[in-house]
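J.: Sharing a sequence plus its predicted fold:
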Amino acid sequence: MSDELLKLRNEIDRLDEEILARLSERARCAQRVGEIKRGVMYYRPEREAQVLRRLAELNPGPLSPDAVKTIFREVMSACLGLEQPLRVAYLGPAGTFSESASRKHFGSAPNFMAMAAIDDVFRAVEAGNADYGVVPVENSTEGAVGGTLDLLLANPLKVCGEVRLRIHQQLMSRADGIGAARRVYSHAQSLAQCHEWLNRNLPHLPRIPVASNAEAARMASEDPESCAIAGEAAAQLYGLNILAPNIEDDPNNTTRFLVIADHDAGPSGQDRTSLVFSAPNRPGAIHGLLEPMARHGVDMTKLQSRPARSGLWEYVFYADINGHRDDPEVAAALAELNDRAAFVKVIGSYPVAAI
Ligand SMILES: O=C(O)C(=O)C[C@]1(C(=O)O)C=C[C@@H](O)C=C1
């Protein structure tokens, strides 16, 4: 080994010891914070978002801001694990994008619980069997996840966070190459997201929709003549080879997930508020409801209608606005909306995804 290399490795060892000593000091601080909180809401999404944003801003390089956030995401996850081990329910099975989103948001310390359906995630949190739940709410190419929207309306749970996950689809198999492939399994949405790639590259193979991407990967792991389209986590879980990476037709394909709990989050300085309201069935009603938002300078980032379960041709509207429900302009706009709309429910205020 050259002298230069040896010297650098010694320096890295010394720095690692310093980092470890500081991390232990930090973890002891978090333990003391946990003692002060004494059983009430150990997880503080607004504080976590502030920590991540501040460090990304302070970052002197050469690590990228994303790398810095990922490292500190894990540091906070481990510190919070010392205060209270969290239980996080997600739409399973293991290896789905919902699991990746849950880990992206909470780090790897919690106990993650795979649920069979979105309403099981809501039920687990409502019953107190999980502290938090992670559910998909919209995809940039496929649109809204109606089941989640309906449950947010009907359920007393709040939204305390959001996660944005770039969806990269991988073609995977037990075999080393595509030559032996006879069929492709995946969830119908993922097959649709890779439609053009499949037409170009595997036009002759039947595409077989199954319940989830992870289930497709499991089936491919039992049969070398089958391929699956799923995320990288599923390939790792089932020991499959990635035959073609990132085969989604839209490279910006992103899914947004919501974190549900029995409470929402405090203000972090960069927040979003989700609400649902109904409009009376007369001309100009929607305009009248949205006018206070514009007058108070509140930005609306999403507005979406959905048939109300209550009657034919009645609609409820789901809106996301920038700001926290405690911010003065947002509070004023919401108060006026409350006066004008037949029904308003604030589903929660939470930090804009920091990672
Ligand atoms: O500041 C707190 O309230 C803490 O508990 C500390 C800490 C952290 O490690 O920075 C850990 C968990 C919380 O979700 C937020 C932050």
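T.: Yes, it's here.

J.: Can you give me the buried ones in stretch 277-293?
T.: Phe277, Ser278, Ala279, Ile286, Leu289, Leu290, Pro292, Met293 (16 or more other CB atoms under 10 Å). Quick note: C-beta positions are derived from backbone N, CA and C, even for glycine.

J.: residue contacts, the last one?
T.: This points to Met293. Met300, Ile321, Ala333, Leu337 (CB atoms under 8 Å, 6 or more residues apart in numbering).

J.: For the ligand, state which of the residues you listed is nearest.
T.: Ile321 (24.5 Å; CB to the nearest ligand atom).

J.: Name the SS class of that closest one, please.
T.: Here Ile321 takes the strand state, with states given by DSSP: H, G, I helix; E, B strand; the rest coil.

J.: Neighbours of the closest residue in space to Gly177 that isn't next to it in sequence, how many?
T.: Leaving aside its sequence neighbours, Gly177 sits nearest to Leu243 (CB to CB, 6 or more residues apart in numbering; 6.7 Å). Counted with other CB atoms under 10 Å, the neighbours of Leu243 add up to 18.

J.: Settle this for me: Leu243 is touching Met172, isn't it.
T.: Yes: Leu243 lies in contact with Met172 (CB atoms under 8 Å); the separation is 6.4 Å.

J.: Name the residues contacting each of these two.
T.: Shared contacts of Leu243 and Met172, defined by CB under 8 Å, 6+ apart, comprise Cys227.

J.: Let me know the secondary structure of the residue nearest to Gly177.
T.: From three-state DSSP, the assignment for Leu243 is strand.

J.: Contacts only, for it.
T.: Taking CB under 8 Å, 6+ apart, one finds Leu171, Met172, Ser173, Ala175, Gly177, Ile178, Cys227 in contact with Leu243.

J.: Please apply the same query to Gln50.
T.: By CB under 8 Å, 6+ apart, the residues touching Gln50 are Ser268, Gly269, Pro351.

J.: returning to that earlier point: need the max-distance pair from the contacts of Leu243.
T.: Across the contacts of Leu243, no pair lies farther apart than Met172 and Gly177, at 12.0 Å, counting by CB to CB.

J.: Between these two, which has more neighbouring residues?
T.: Using other CB under 10 Å as the criterion, Met172 and Gly177 rank with Met172 on top: 29 against 9.

J.: out of everything not next to it in sequence, what's closest to the more buried one?
T.: Nearest residue to Met172, sequence neighbours excluded (CB to CB, 6+ apart): Leu240, at 4.0 Å.

J.: how near is the one you found to Ala188?
T.: Computed as CB to CB, to the nearest Å, the Leu240 to Ala188 distance reads 20 Å.

J.: Of the two, which one has the most company?
T.: The neighbour comparison of Leu240 against Ala188 (other CB under 10 Å) goes to Leu240, with 23 against 13.

J.: measure that one to Glu232 for me?
T.: Using CB to CB, Leu240 is found at 10 Å from Glu232.

J.: go on, Glu162?
T.: In terms of CB to CB, Glu162 sits 22 Å off from Glu232.

J.: When those two are compared, which one has more neighbours?
T.: More crowded of Glu162 and Glu232, by other CB under 10 Å: Glu162, with 23 against 17.

J.: contacting residues around that one?
T.: If you count contacts by CB under 8 Å, 6+ apart, then Glu162 has Arg256, Phe257, Leu258, Val259, Arg272, Tyr350, Pro351, Val352, Ala353 around it.
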